[in-house]
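Enquirer: next comes the sequence, and after it the predicted model I'd like to discuss.
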Amino acid sequence: MNRICQVGYLCHFWGNLGDSNNNEAKAAAIYFKALFGKNFSRKVQIFEDSKMGTINAALNYGYAIVRGIITRSLCVSGLNPALGFNHKNQFNAFNLADDLIEPYRIFVDSVVVQMVEVGELEESLSLQNRAKLVDILQSAVIVENKLYPLTRAGVVSAQSVVKCLEIENLKLKLPLFCEEKSNGRKIYESVSDV
């Protein structure tokens, strides 16, 4: 199988390229309204609406942390994070990282929802809020029925991208969110897991 077919096979996992009907954005709007209420919008900034803006700031902060881990994992695995499959913006140095982060977003979403439910988010993103979002990196993540800290799960997923490009008929190793296990608890690997 040639390289182009392998890339096409890998792209299959991320759905159709070129979302011309903007279905991803439509689905995201429905998803976030279900999480944070019918009036919620990801476009609102803190200076426009402090509550909604703080939720967006928390989501953005958490996504940036996870995006950094994914980017580092891709680089360590020998991949160029600028060369994406679905994301192809010439001005984005992290297109591939933005492709791979999608299944990891729910880990950030779940922590932010929890913070909203217990009233931890105020009119601005506090140091305690940011520390809790950084703790996501040690959260339990299931990849192929094995628990990893999110930092290690990112490496496992990035390395699976490399394997999928090298060997045909392999599946990406992506995280599975399981509320009972992926509930923000910290997990540490043993030496045999590394």
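Expert: Received it, and whenever you're ready, just let me know what you need. Model, not experiment: these values are computed from the prediction. Residues are numbered from 1 along each chain as shown.

Enquirer: where does this structure have low pLDDT?
Expert: The chain contains residues with pLDDT under 70 at 1-20, 46-47, 179-194.

Enquirer: can you rerun that using 50?
Expert: Applying pLDDT under 50 to the chain flags residues 1-17, 183-184, 191-192, 194.

Enquirer: quick one: the strands in it?
Expert: Assigned by DSSP state E, the chain shows strands spanning 140-143, 146-149, 175-176.

Enquirer: need the winner for burial among the ones you listed.
Expert: Among those, strand 140-143 has the highest mean neighbour count (mean count of other C-beta atoms under 10 Å), at a mean of 21. Glycine gets a C-beta too; all of them are placed from N, C-alpha and C.

Enquirer: just checking: what are the partner strands of it?
Expert: Sheet partners assigned to strand 140-143 using DSSP bridges are listed as strand 146-149 (antiparallel), strand 175-176 (antiparallel).

Enquirer: phi, psi for E120 please.
Expert: Main-chain torsions, E120, degrees, to the nearest 10: phi -80, psi -20.

Enquirer: which residues does it contact?
Expert: Applying C-beta atoms under 8 Å, 6 or more residues apart in numbering to E120 gives the contacts Q128, N129, K132.

Enquirer: and the strands of the chain: which comes nearest A29?
Expert: Closest approach to A29 among these (C-beta to C-beta): strand 175-176, 23.3 Å.

Enquirer: contact partners of that closest one?
Expert: With C-beta under 8 Å, 6+ apart, strand 175-176 has contacts from P103, Y104, F107, V141, I142, V143, L150, A153, S157, S182.

Enquirer: so what's the first one closest to, chain neighbours aside?
Expert: Nearest in space to P103, with sequence neighbours left out and distances taken as C-beta to C-beta, 6 or more residues apart in numbering, is L174 at 4.7 Å.

Enquirer: what's the answer for the second one, then?
Expert: The spatial neighbour of Y104 that comes closest, neighbours along the chain excluded (C-beta to C-beta, 6+ apart), is V66 at 5.1 Å.

Enquirer: now the one you found: how far from N89?
Expert: From V66 over to N89 the distance is 19 Å, taken as C-beta to C-beta, to the nearest Å.

Enquirer: just G37 next, same as before
Expert: For G37, the distance to N89 - C-beta to C-beta - is 30 Å.

Enquirer: distance of the closest residue to I70 other than its chain neighbours from I106?
Expert: Leaving out its chain neighbours, the residue that sits closest to I70 by C-beta to C-beta, 6+ apart is A97, at 4.6 Å. Taking C-beta to C-beta as the measure, A97 falls 17 Å from I106.

Enquirer: which residues touch stretch 32-48?
Expert: Residues from elsewhere that reach stretch 32-48 (C-beta under 8 Å, 6+ apart): 28-29, 52-57, 59, 109, 113, 116, 123-124.
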